[in-house]
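Colleague: here are the coordinates; sequence isn't available:
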C-alpha cells in the first residue's frame, strides 16, 4: 500500500487507516435544525429543497406547508416532484423570484457537503481520486460582491459550528475561499510534527512544512471559473440566468465561433465535467445546482430549465430526464411573509421585469412591446398561403436579402407577399394579409481540418422565384411593388426592373424603420394583421412567430433600434423585417405620404412592357434551390 510519505511503515498505515475510518454523519435535516450544528428554522421551501436534494421523503414525509408547495408546483407550474419514487439528482434547477432565500439555501447545502466530506475521514480515498487531491464545494457568481456575499453565508455557518473548529485551515483563510483539513490531513500533519521533533537545530536539516487542508469551500466569479482539472463535488451556479451569454462573432472565419470564457456556456463546459469524479460506479454524490431569478428566454440557464421540463419552454414542456429536478416558485410562494400584493408597485412600474424578477416567469425579449398573445393570434390556420391569384387582389412583395457581409451563421434570404382587404371601407377596417413566406437559408459546409465555410444564398435562385411568383399572382397588373432593403440589392433590382417589374430599394434608416415598425405593430395590436398559415410544411409560420417574440426594441436617447438578440435560441429577424416592410408599404397605399406618392410616380403602375418567359410555379419548383426541405401550398 502506498501513502503520502514513503517512510511510513505498514504498521503505521494500518494505524492511520483505523483512525481515519469514516464516521456516520447526521442527515441534512438534523444538521440544519439541531442546536449541535446549524440550529436553523428553515422555511417550507428550504425544507422541501433539502429533502429534494438528498431524497429524504421516506424519513421525513411532507408536512402541511411542504405539501402545499408540492401541490402548487404541480397545479401552477406543471412540475411533479414525485416524492415517492425519488432518484438521484445530478442537476437541480431552481427558478425562483428575488428574495426567495436562494443564497441562504445554497449556503446550507455547501456547509453540509463539507461536513459530509470530513465525516468520510479520507474522502479522496473514498471517491477513488488521487491522494490529497483538492476537493471543492464551489459557488460561481457573475459579480465579485455577489460571490463574496454567498461565500460569507457559508463561512459564517462553518465558523459557528463547533464540529468544524479543528478542521479549519486558518493559514489559508481569505474573503472568498476557506480551506479545511480532512482527518487524513490532520494525521499526516501530526506525523510531520513528530518527525520535526527529532530534527536537531543547527544540524543542517530543515524541518518539514505541514500540509494545507485539501477541502475547499469557495465562491468565485466567472472571470476565475474557467480553470479545468478540479474535483468539484458540488457546483452551485448562482443567478445563472444573469451570466454573460455566448455571442456569435465573425461568422465562420476559420470555422470558429468564438466565445468569451466567462459566458454561461463556457462556464458550464469548464466546470460541470469536474463533478463526474463523484458520480462513477455505485457512487452518485456529485451535484450541479443552478439557481436564479429568470430573465428573457435564452442562455444556458434557460436551456437547462427547458431540458428539466419547464412549462415555459418554447414549444411546450417535455418530460424531465433522469438526473434532473426542477423547482419554480415566485417570491411570495417561496418566502413566508410575502404576498403577491406586496409587489404591486414593482408590477405597476415594470410589469414585464417584475414578472421575471419576482413572479419567476421567463419572458420573451420583445415582451415589453409585443405581447405574446398578440403574436399568436395573427396566424389564421384555416386559410392557405396564396401562390396563385384569382384576379381579385393586388400584392406587395417584400425581400430581406442575405449574404456573406452580414456574417451570420444562419443568414437568410426571406421573401414575403401580401395584400389588403376591405380597403374601400377606410383604413380603420382594412385587413392586412401575409399571403406567403419563403426563406432561402445559407449553409455551413465543412472544408476539412475542422474548418467550415459559408455557402451564401444564390440571389439568382431567389430572383427566379420572385419572377415566377409574380406571374402566378397575376403578372405586372397585380403587383404594386417589389421592395428590397438596401443590403446587396442592386443586381436583383436591376434584373427585375429590366423585366418591367416594379422593384425598388428601401433604405432602412432609423426614421424609416421607426415608421415601418409603427405601421407593423399598430396593425398587429389592432387585430388588422393576419397570416394565411395553413399549408406550412417548412415551419416558416412558427419561425416568424419566434422571431417576433424575440425581436428587441432598444431606445438610446432619441433613437429607437429594432433587431434580433445576439444570443439565445433565436438570433435572426429576417422574416420579421421583410414582413414589417411589406405591411408598411401596404399601409402607405391606404394613407399615402409625399415620399410614397413620389415613388409611385417614379416607378409607374403600367403593364409589363415586354413578354417575360417564366416557369409556372409548381410544387417541385417551390422545393428547388438551397432552401430547407418542403414545398409550397396553393390556395
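Modeller: Received the coordinates, thanks. Bear in mind that the values here come from a model prediction, so they are computed numbers and not experimental data.
Colleague: could you find the closest non-adjacent residue to the residue sitting nearest the centre point of the chain?
Modeller: Among the residues of the chain, residue 299 comes closest to the average C-alpha position under Cα atoms, centre = their mean, at 2.2 Å. Distances taken as Cβ to Cβ, 6 or more residues apart in numbering put residue 245 closest to residue 299, at 4.6 Å, once the chain neighbours are dropped. For the C-beta atoms, the positions are set from N, CA and C on the backbone; glycine is no exception.
Colleague: ok, that neighbour touching residue 301?
Modeller: No. Between residue 245 and residue 301 there is no contact under Cβ atoms under 8 Å: 9.4 Å.
Colleague: next, show the common contact partners of the two.
Modeller: Overlap of the contact sets of residue 245 and residue 301 (by Cβ atoms under 8 Å, 6 or more residues apart in numbering) consists of residue 264.
Colleague: if we can go back for a sec, and the residue nearest to residue 299, that one's in a helix?
Modeller: No. Using DSSP: H, G, I helix; E, B strand; the rest coil, the assignment for residue 245 is coil, not a helix.
Colleague: burial count for it?
Modeller: For residue 245, the count of nearby residues is 21 (other Cβ atoms under 10 Å).
Colleague: for it, grab phi and psi.
Modeller: Backbone dihedrals for residue 245, given as degrees, to the nearest 10, come out at phi -100, psi 150.
Colleague: gap between it and residue 587?
Modeller: For residue 245, the distance to residue 587 equals 36 Å [Cβ to Cβ, to the nearest Å].
Colleague: repeat for residue 342
Modeller: For residue 342 relative to residue 587 (Cβ to Cβ), the value is 44 Å.
Colleague: higher neighbour count, those two?
Modeller: The neighbour comparison of residue 342 against residue 587 (other Cβ under 10 Å) goes to residue 587, with 24 against 13.
Colleague: so what does the host helix or strand of the more buried one touch, helix or strand wise?
Modeller: When secondary structure is defined by DSSP states H and E, residue 587 falls within helix 574-590. Under the contact criterion of 3 or more Cβ pairs under 8 Å, 6 or more residues apart in numbering; DSSP states H and E, helix 574-590 touches strand 395-400, strand 412-421, strand 431-441, strand 479-485, helix 510-525, helix 540-550, helix 594-603.
Colleague: mind running it again at 7 Å?
Modeller: strand 395-400, strand 412-421, strand 431-441, strand 479-485, helix 510-525, helix 540-550 (3 or more Cβ pairs under 7 Å, 6 or more residues apart in numbering; DSSP states H and E).
Colleague: now distance to residue 294 too, for those, in CSV please.
Modeller: CSV is the format used below for the helices and strands packed on helix 574-590 (distance: least, Cβ to Cβ, whole Å):
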stretch, distance to residue 294
strand 395-400, 31
strand 412-421, 29
strand 431-441, 30
strand 479-485, 34
helix 510-525, 25
helix 540-550, 15
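Colleague: compare the ones you listed and give me the one nearest residue 201.
Modeller: helix 540-550 (72.9 Å; Cβ to Cβ).
Colleague: now the angle between strand 412-421 and the closest one, please.
Modeller: 100 degrees (axes from the mean of the first three to the mean of the last three Cα atoms, to 10 degrees).
Colleague: so residue 532, which of the three states?
Modeller: Once three-state DSSP is applied, residue 532 turns out strand.
Colleague: neighbours around it, how many?
Modeller: Counted with other Cβ under 10 Å, residue 532 comes out at 23.
Colleague: just the element for the closest residue to residue 207 other than its chain neighbours, please.
Modeller: Excluding the flanking residues, the one nearest residue 207 by Cβ to Cβ, 6+ apart is residue 196, at 4.3 Å. Using DSSP H and E, residue 196 sits in helix 183-197.
Colleague: per-residue confidence averaged over that helix?
Modeller: For helix 183-197, the mean per-residue pLDDT is 88.
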